[in-house]
Each structure stands twice: as C-alpha cells, then as structure tokens.
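Q: Coordinates only, no sequence provided:
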C-alpha cells in the first residue's frame, strides 16, 4: 500500500523554540517498510499538500499532532478527504492518545492510541485483507454514535522497537533545530517516567512504568546517526543511573564525538553527580530540568516528589561540569508582582543562563486537566503552547504578560552578558582563577538570537491574547 505520513502545520497562534525530526513516524516507517511504500510530508516546512497527494496517490494517510496542532491536523484531514474521499485517514500522537474524542470527525477513520509502531502494521494488514478493524489492538474507530475502542495492547518492552528509518525525512534534516541550533537528531532510549507530577501526562502513557533499550543498542544507533548534535527524546534519560554510566562507557570506548541534550531530574543528579561528570566528558552540552517552582511547598502541590535542596545542588553540579542548565520554571496564574520578582531574583542568584518560563497549562491527560478544564478560557487548543495562558490570571492579563516578557528579556539581555564578562575580567585582573562553575555562561551569539526569538514570541503572544479578549 502507498502510505503518506504527515506532520501538520503549526497554527497561526503557536510559538515554539524548535522543530525536530519526526521520530515517531520514522519508527513507524521502519516497522512497515519495505512491504509498503512510505512518503513523509513535513508541513511546517513544506506546505504543498495537494501536490504531494497528486504525486503519491496514497491509500492511507497517517497524521500526528501535539495538542497545539490538533486543529491543523483536523484541517489537513478535511483537505485530504476533499481531494479523495476514499483515502483512509488515521491520526495518532500524544493528543490523540489522551483525548481521542477530539478527533471523532467524519474525515478521520481511525485513531491510534499510544505506540504506533505496534498498531500501524496490523492496521495496514487488515486494510489490505479487508478484515475487521475492530480486531486491530490499540485503535479507536470513529463514527456518528461515538468511538469504538478495540482491545488495548500493553507495552511490555521496547527492545522490539525498530531503529528509525531516517531516510523518509532526508530532505528536511538540515532544518531540524532547537534553541536556534541545528541540525539535531532525536534518539529514543527510554519511554515513560515513574513519577506522578500533576501537570505531566508522560507517566500515564505507560502507567508510570519505565522502559529502556539496552545501552548497546543505544550506542549502536548513535554511531550511525549523521548529525553531530543529538537530543534524547526520553522523559527521563538518567533515571537508571547504572545504565546511563554504561552508555557513557560505550560511547567513550567507541570514540563517538557528538553533543547531547537530555532530560533529567534534579534528585537523580544531586544523588549521582558522577553521571554528569562522566557525560560532560563525552559531549553533554545542555540538560533540560524541570525545577518548576522555588519552594518546597509548591513542589509538593505539583506532586513533584523532589526538594528545593536537590534543585540547588544540581545547579552547582552542572556549573562545575560546564553543562548549560535549561531550567524550567512554571509561571502560575496566581502569580502577583512579588512572585515574578522573587523568581527573577532566584534565577539571578543562582546564575542560570538558559531559563525557560512555561505558563502552567492543563494539558489533556494530566491530573491538572481533570482539575482545571472547567475553568478554561478557550474551547480551542490553538493556545496550548505554554506561552499563552488558557486559565484566568490573578493579575490583569496585560500585566501578567508584561511580567513574563520582563523575565525573558532580563535573563536573555546583552547587558547581563556584559556584566558577567566584566566581572570575570575583574577577577583575572585581581589574579584570581576563573573556575568552570563561575565561568560557564551562554555564548554571546546564541544569547542575541534567543533575545530576538523571545521578543518576537512574546509580542505575538500578547497580540493573540488581546485579539482573543476582544472577540470574547
């Protein structure tokens, strides 16, 4: 069969700080080739949907979508059905798994729940044979009377997950980036997270279980990836410390020279600084950590199962090893001026050079969604990009947005960079040695680019909110 896989375009309100390769689709492609012909269309880059349909003439189209892309995914499905009503359209991805009802529209035939590489081959086989799709595990079939859910298939291991077929996105690969750096390749070495944070749904996909690939298979994949920048697409790469150190040993033994970004928790790093010490030797460049808040009481509210002490130990460990800390701090809707000021001072005090300030958003599937969905200001998911507030704010909205803008522009300001460099120069003049932990800062050019990026993003965010309020 001819299969067209589509990454839908971003909606006009959405802002992001990167666009990464379609790892899920690449794994699905590997699971169905060479028996089926596969073509990939990355619509945030390549907008020619009708031309692609005309060229490929697909039997089946697969569409994936984040929550913030849900509306554009449905628009793409509608355009495809206009072109040819006989094309079978299936939608998957995180949003589809969390609230499949959102895709129960006439243009969509089926919804894949959770892991597509398990379900997709069986779906194609049943379509070819004309068999009953209700027997395909992991599907939700659409219909006017509601969704029909086939028996769900629980994941037991990811060792049977095929290596991604990166050739399907070959013509786009130089465009995959994050934080204005690239190209980046994605690698999935683990799935799931054993923790139960209220604002996150990652743990619900696997029922809080943590599945890993062997260190050998991870390093074998690293060795054949062309890109020199790698982002681990895991929810928690260093959860298994012994495994993380084994991967380090294998990368070092095989002399693989790349730069890495990983996600990790501060409690793991605080208890096992040797992981950061080891990985910084083999190219760990940046690490994404959800510090979330700046008090233990607030950590408990989000069921983070962590402490402020661990966060601050981790800050010091990363500085000592020259790893840039992409620290995430949640901006809550109950913030007042004092809360914004305290957060700004906290980031300054700990000299964090790549902070990110996502607005607290009740994403579908999270406990927060269950608690707060009745208070949503919008019935569309277009604003669920973590820059907009979809819940009422304590401060007037214009002031709330202005405070977020001040946070970003303060932390990514050229003046902050100059002051740091002047301080370092003063230490040198005084004959003092500049240690890594006091010298590691974001380089000037990325700082300038990110400053501009956030200016544009926040201006767009403010405009979207004002238009929305006017329409209300």
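A: The structure has been received and is ready for your questions. For clarity, every value in this text was computed on a predicted model and none was experimentally measured.
Q: Look up phi and psi at residue 328.
A: Residue 328 has phi and psi values of phi -100, psi 130 when expressed as degrees, to the nearest 10.
Q: Residue 354 is in contact with that one, correct?
A: No. Residue 328 is beyond contact range of residue 354, at 10.0 Å (criterion: Cβ atoms under 8 Å). The C-beta positions use only the backbone N, C-alpha and C, and glycine is treated the same way.
Q: of those two, who's got more company?
A: With neighbours defined as other Cβ atoms under 10 Å, residue 328 and residue 354 compare such that residue 354 has more, 20 against 16.
Q: May I ask which helix or strand encompasses that one?
A: Using DSSP states H and E, residue 354 is not contained in any helix or strand.
Q: ok, it to residue 122 distance?
A: Residue 354 sits 42 Å away from residue 122, going by Cβ to Cβ, to the nearest Å.
Q: One more: residue 178?
A: Residue 178 sits at a distance of 33 Å from residue 122 (criterion: Cβ to Cβ).
Q: Please name the spatially closest residue to residue 128 (chain neighbours excluded).
A: Among residues not flanking residue 128 along the chain, residue 1 sits closest, at 6.3 Å (Cβ to Cβ, 6 or more residues apart in numbering).
Q: dump the residue contacts of that neighbour.
A: Residues in contact with residue 1 (Cβ atoms under 8 Å, 6 or more residues apart in numbering) are 36, 37, 59, 60, 124, 127, 128.
Q: shouldn't residue 337 be in contact with residue 406?
A: No. Counting by Cβ under 8 Å, residue 406 is not a contact partner of residue 337; they are 10.3 Å apart.
Q: out of those two, which sits in the busier spot?
A: Applying other Cβ under 10 Å to residue 337 and residue 406 shows that residue 406 carries more neighbours, namely 14 against 10.
Q: what's the next secondary structure element after whatever helix or strand that one lives in?
A: Assigned by DSSP H and E, residue 406 belongs to helix 397-411. Using DSSP H and E, the helix or strand that follows helix 397-411 in sequence is helix 414-429.
Q: Helix 397-411 and that next one, what's the angle between them?
A: Orientation of helix 414-429 against helix 397-411 (axes from the mean of the first three to the mean of the last three Cα atoms, to 10 degrees) gives an angle of 30 degrees.
Q: what's the distance between the residue nearest to residue 128 and residue 113?
A: In terms of Cβ to Cβ, residue 1 sits 21 Å off from residue 113.
Q: Please apply the same query to residue 92.
A: Using Cβ to Cβ, residue 92 is found at 8 Å from residue 113.
Q: And the two? Which one has more around it.
A: Each of residue 92 and residue 113 has its neighbours counted (other Cβ under 10 Å); residue 92 has more, 29 against 21.
Q: how about the helices of the stretch 101-250 of the chain, start to end?
A: Assigned helices in the stretch 101-250 of the chain, in chain order: 116-129, 202-205, 215-224, 241-253 (criterion: DSSP state H, counting those that start in this stretch).
Q: can you tell me which of those comes nearest to residue 261?
A: Nearest to residue 261 among those is helix 215-224; the distance by Cβ to Cβ comes to 13.5 Å.
Q: Other residues contacting the closest one?
A: Identification of contacts with helix 215-224 by Cβ under 8 Å, 6+ apart yields 159, 163, 187, 189, 230, 243, 246-247, 249-251, 254, 256, 258.
Q: could you flag which of those residues are buried?
A: Buried by 16 or more other Cβ atoms under 10 Å: 163, 187, 189, 230, 243, 246, 247, 250, 251, 256, 258, out of the contacts of helix 215-224.
Q: give me every residue that touches the fifth one.
A: Applying Cβ under 8 Å, 6+ apart to residue 243 gives the contacts 212, 215.
Q: and if we set it to 6 Å?
A: By Cβ atoms under 6 Å, 6 or more residues apart in numbering, the residues touching residue 243 are residue 215.
Q: again, but for the fourth one
A: The neighbours of residue 230, taking Cβ under 6 Å, 6+ apart as the test, are 185, 187, 258, 260.
Q: wait, doesn't the last one sit right on residue 284?
A: Yes. Shown here, residue 260 and residue 284 form a contact pair, counting by Cβ atoms under 6 Å, at 5.1 Å.
Q: Tell me which of these two has more neighbours.
A: Neighbours per residue (other Cβ under 10 Å) separate residue 260 from residue 284, with residue 284 holding more: 24 against 21.
Q: so how far is residue 181 from that one?
A: Applying Cβ to Cβ, the value for residue 284 to residue 181 is 15 Å.
Q: all strands in the stretch 1-150 of the chain, in order from the N-terminus.
A: Under the criterion DSSP state E, counting those that start in this stretch, strands of the stretch 1-150 of the chain are mapped to 2-7, 18-19, 37-42, 60-64, 88-92, 110-112, 139-141, 148-149.
Q: Can you tell me how far the residue most central in space within the chain is from residue 70?
A: Using Cα atoms, centre = their mean, the residue of the chain that lies closest to the mean C-alpha position is residue 233, 7.6 Å off. Per Cβ to Cβ, residue 233 is found 21 Å from residue 70.
Q: Can you tell me how far residue 426 is from residue 41?
A: Residue 426 sits 54 Å away from residue 41, going by Cβ to Cβ.
Q: Just want to know which of these two has more residues nearby.
A: More crowded of residue 426 and residue 41, by other Cβ under 10 Å: residue 41, with 26 against 10.
Q: check contacts around that one.
A: With contact set as Cβ under 6 Å, 6+ apart, residue 41 has these partners: 6, 52.
Q: State the pLDDT value of it.
A: Here the pLDDT value assigned to residue 41 is 98.
Q: now residue 455
A: Listed pLDDT for residue 455 reads 86.
Q: And for residue 61?
A: If you check residue 61, the pLDDT there is 98.
Q: Correct me if wrong: it contacts residue 88.
A: No. Assessed by Cβ under 6 Å, residue 61 is found out of contact with residue 88, at 7.3 Å.
Q: which one of the two has more residues nearby?
A: A count of neighbours by other Cβ under 10 Å puts residue 61 above the other of residue 61 and residue 88, at 28 against 19.
Q: Show me what the more buried one is bridged to.
A: residue 4, residue 89 (DSSP bridges).
Q: if I look at it, how far off is residue 107?
A: Separation of residue 61 from residue 107 (Cβ to Cβ) stands at 10 Å.
Q: one step back: the strands of the stretch 1-150 of the chain: which one's closest to residue 391?
A: Nearest of those to residue 391, taken as Cβ to Cβ: strand 18-19 at 25.0 Å.
Q: mind checking the longest strand of the chain?
A: Longest strand in the chain by number of residues (criterion: DSSP state E): strand 284-292.
Q: And the next helix or strand past it?
A: Next helix or strand after strand 284-292 toward the C-terminus (DSSP H and E): helix 296-301.
Q: Buried residues, that next one. List them.
A: Buried residues in helix 296-301, counted by 16+ other Cβ under 10 Å: residue 299.
Q: cool, stretch 38-52 as well?
A: Neighbour-count burial for stretch 38-52 flags 38, 39, 40, 41, 42, 43, 44, 46, 49, 52 (criterion: 16+ other Cβ under 10 Å).
Q: Export these as TSV, with columns for distance to residue 316.
A: Shown next, in TSV, are the buried residues of stretch 38-52 (distance: Cβ to Cβ, whole Å):
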residue	distance to residue 316
38	47
39	49
40	43
41	46
42	40
43	43
44	38
46	45
49	50
52	51
